[in-house]
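Visitor: Build me a structure from this.
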Amino acid sequence: MDASMREQDMVFRRALGESLDSIGKSYGVSRERVRQIIVKAGGPTAQDAHRAARSTKSAEGQREREAFAAQYLPIARELASKGTSRRDVIARLKAIDPSIDEVMAGFVLRKARIVFAQDWVDDFMSNRLLVAAVWFLFGLDYQIPADPSLAIKKLDHALISELTEVLARQGVHELERARVLGVIAAAQNFATENPGVSITAARYGVLRKKQVVAWGLESARGTHFWPPTRQAAMARFGGWSETLLRVGLKRSEFGRSKGFLKYTADEYQRAAMDYVAWADRRDATPSVDRYKEWRRLEANEGRERPSGASLRNIFGSWSKAMRAARESADHAGAHALQE
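Guide: A predicted model of the protein is given here:
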């Protein structure tokens, strides 16, 4: 290659954003020599080259995101519909395809507005711990004395190990940990002897709050503790009645069951869809707290909407309500295109 062709090649490659070092290495010259040649030839400035590099990188990133979306978004949606968290979806995909960039994958999944289960419930709280929490608070409600010897004989070793570890991380004293296990075992025995007993979701919430305060955990905001909230159990099992069924307790006669008390099924569905559309227009996450803001705005316009709690009750969990809203919107959009 003569000097003229080499000069043209350097200018061309620099215009595409390639670094001076990279160009110099291919010709066996220093980066400073490459810079001098490009300047003499009237080639791109450093600013021009940097802009080109960013543009190339952006285009490559966009192609990578599009390829990821085409291949993996359908899988991610299916996993989300089964209650899988975003973090777990990314981990599964990464295990199958190690070349996946986790940051890029997270960005694409967020932009796709897929409603995933809350990560902390999946990562921190097993079904075993959720069920044990109901038994413990049920035992407190009926003031059932702890029975440590019964706990040793009756409780599953895996539960003892897991719950003891969780309580220890929360700073609960070992004697108190033993009491918790004793109450759980005694509560199960009490329910066997008294098959008509139960506990309402509201009562669970009151007792849970008292226990968290008693353990000195109420000031650590943003941290999730055992016993978990009633919403965590309802989200996992599909409602409070379903939670009681999973635990083995009778459905409470005083608990509020699922049902369309004030609004119709269509009105619940419409509220969820309208709220999701409102949040999307603001590029905001359709959270429970933001729903309260939207509901107030709707009331100011003369439109009464169901509460967030009732939506969660009807659909089984907040994430299920938001997922149903998106699926309905997608279906409506597809139907409109066909027409």
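
Visitor: What values do phi and psi take at Gly171?
Guide: phi 80, psi 20 (degrees, to the nearest 10).

Visitor: Just the buried positions in the lengthiest helix in the chain, please.
Guide: Among all segments of the chain classified by DSSP state H, the helix with the greatest residue count is helix 46-81. Buried residues in helix 46-81, counted by 16 or more other Cβ atoms under 10 Å: 49, 52, 65, 68-69, 72, 76-77, 79-80. C-beta coordinates here come from the backbone N, C-alpha and C atoms, glycine included.

Visitor: okay, who's weakest in the residues you listed by pLDDT?
Guide: Minimum pLDDT for these is recorded at Ala52 (77).

Visitor: Next, format the buried residues of helix 46-81 as JSON lines and append distance to Gly106.
Guide: As requested, the buried residues of helix 46-81 are exported to JSON lines (distance: Cβ to Cβ, whole Å):
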{"residue": "Ala49", "distance to Gly106": "30"}
{"residue": "Ala52", "distance to Gly106": "28"}
{"residue": "Arg65", "distance to Gly106": "11"}
{"residue": "Phe68", "distance to Gly106": "11"}
{"residue": "Ala69", "distance to Gly106": "13"}
{"residue": "Tyr72", "distance to Gly106": "12"}
{"residue": "Ala76", "distance to Gly106": "11"}
{"residue": "Arg77", "distance to Gly106": "15"}
{"residue": "Leu79", "distance to Gly106": "14"}
{"residue": "Ala80", "distance to Gly106": "14"}
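
Visitor: Just say helix, strand or coil for Ala202.
Guide: helix (DSSP: H, G, I helix; E, B strand; the rest coil).

Visitor: Need the per-residue pLDDT for it.
Guide: 87.

Visitor: Count the neighbours of it for me.
Guide: Counted with other Cβ atoms under 10 Å, residues neighbouring Ala202 total 14.

Visitor: and it, how far is that from Ile314?
Guide: Distance from Ala202 to Ile314, counting by Cβ to Cβ, to the nearest Å: 17 Å.

Visitor: Which elements pack onto the longest helix of the chain?
Guide: On a contact count with 3 or more Cβ pairs under 8 Å, 6 or more residues apart in numbering; DSSP states H and E, helix 46-81 meets helix 3-15, helix 86-96, helix 102-111.

Visitor: next one: the last one to chain centre, how far?
Guide: This means helix 102-111. 13 Å (Cα atoms, centre = their mean, to the nearest Å).

Visitor: Could you list the residues in contact with that helix?
Guide: Contact with helix 102-111 is made by 61, 64-65, 68-69, 72-73, 76, 86, 89-90, 93-94, 116, as judged by Cβ atoms under 8 Å, 6 or more residues apart in numbering.

Visitor: State the pair within these that is farthest apart.
Guide: Gly61 and Phe116 (23.0 Å; Cβ to Cβ).

Visitor: picking that back up, now the longest helix of the chain and helix 86-96, what's the angle there?
Guide: 100 degrees (axes from the mean of the first three to the mean of the last three Cα atoms, to 10 degrees).

Visitor: and helix 46-81 with helix 102-111, angle?
Guide: 60 degrees.
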